[in-house]
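S.K.: kindly generate the corresponding structure for this input.
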Amino acid sequence: MISPPFPEVTHIHETTAHIAEQLGVPDIVPPANPLDATNAEIYLGEPVRPAVGHDIQIKTLIIASLCTIPYAYKFWNDLPLATGEIMFSIVGPIVAFVFFRYAYRLAGTFWVVGHNEIRVERLSREGKPYVETIAGRDVQAIELEYGHSDDTRYVVKIDLVSGQKLRSPDVGTLDETRAVAAEIVRRLAIAPEKVRQ
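M.R.: Reported below is the predicted structural model:
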């Protein structure tokens, strides 16, 4: 038997232990849940790896190379370029350069929510690991937003006092993201008035 999904994703261990106690089942193995509030650290996202940024750079080079084939063909056969092709020949290299230059930044972020701080791990433009630490005093406001991938997943957005805005990796459904945001508020001791619903 499988239960319905738990909206309180940060307390699955406690719920499992309570059910096991009610059923009289000893030594139940708790499910591995990186979002569980009983964990010393809550993990949001996947650890960032330079290989992801390297893959983006390789794909950018391949796509850019493939896009030059029609131009090479027209140039070789002395064929004129259409207006759209001329525009693409100007904009395309700029877009390819931006993707190539910021490929490591596109590799995403990894949040580690501990007690009294959040450690945000990402890669610099050169592919070196970069860690930023956020404490409760650094937070101006915290709220939920639609996720990066689709409209069914949500993220936690933190506005810092410095004016910087940080968005977590995709967390899950609205209820799951609310539970994670509440745990972040509790762990960082953020004042209730800073939380936007």
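
S.K.: do me a favour and average the pLDDT over the longest helix anywhere in the chain.
M.R.: Using DSSP state H, we find that the single longest helix of the chain is helix 50-76. Mean pLDDT, helix 50-76: 81.

S.K.: which strands or helices does it pack on?
M.R.: The criterion is 3 or more CB pairs under 8 Å, 6 or more residues apart in numbering; DSSP states H and E, and the helices and strands that helix 50-76 contacts are helix 83-101. (C-beta placed from N, C-alpha, C; glycine too.)

S.K.: ok, whichever helix or strand comes after the helix it packs on: who's next to it in the sheet?
M.R.: Counting by DSSP states H and E, the next helix or strand C-terminal to helix 83-101 is strand 110-113. The partner list of strand 110-113 in its sheet, established with DSSP bridges, is strand 42-44 (antiparallel), strand 118-123 (antiparallel).

S.K.: which other residues reach strand 110-113?
M.R.: 41-48, 118-122, 168-169, 180, 183-184, 187 (CB atoms under 8 Å, 6 or more residues apart in numbering).

S.K.: what sits against residue 116?
M.R.: Per CB under 8 Å, 6+ apart, neighbours of residue 116: 135, 136, 187, 188, 189.

S.K.: among these, which ones are buried?
M.R.: 136, 187, 188 (16 or more other CB atoms under 10 Å).

S.K.: roughly how far does the nearest residue to the second one once chain neighbours are set aside sit from residue 39?
M.R.: Sequence neighbours aside, residue 115 is the residue nearest to residue 187 in space, at 5.3 Å (criterion: CB to CB, 6 or more residues apart in numbering). Separation of residue 115 from residue 39 (CB to CB, to the nearest Å): 11 Å.

S.K.: repeat for residue 156
M.R.: Here the distance between residue 156 and residue 39 works out to 17 Å (CB to CB).

S.K.: the two - which one has more neighbours?
M.R.: Neighbours were tallied for residue 156 and for residue 39 using other CB atoms under 10 Å; the higher tally belongs to residue 156 (24 against 16).

S.K.: sec struct for the more buried one, please.
M.R.: Of the three states, residue 156 takes strand according to DSSP: H, G, I helix; E, B strand; the rest coil.

S.K.: for residue 110, see how far away the nearest residue to it once chain neighbours are set aside is.
M.R.: Distances taken as CB to CB, 6+ apart put residue 168 closest to residue 156, at 4.4 Å, once the chain neighbours are dropped. With distances taken as CB to CB, residue 168 is found 10 Å from residue 110.

S.K.: please apply the same query to residue 146.
M.R.: Distance of residue 146 to residue 110, computed by CB to CB: 20 Å.
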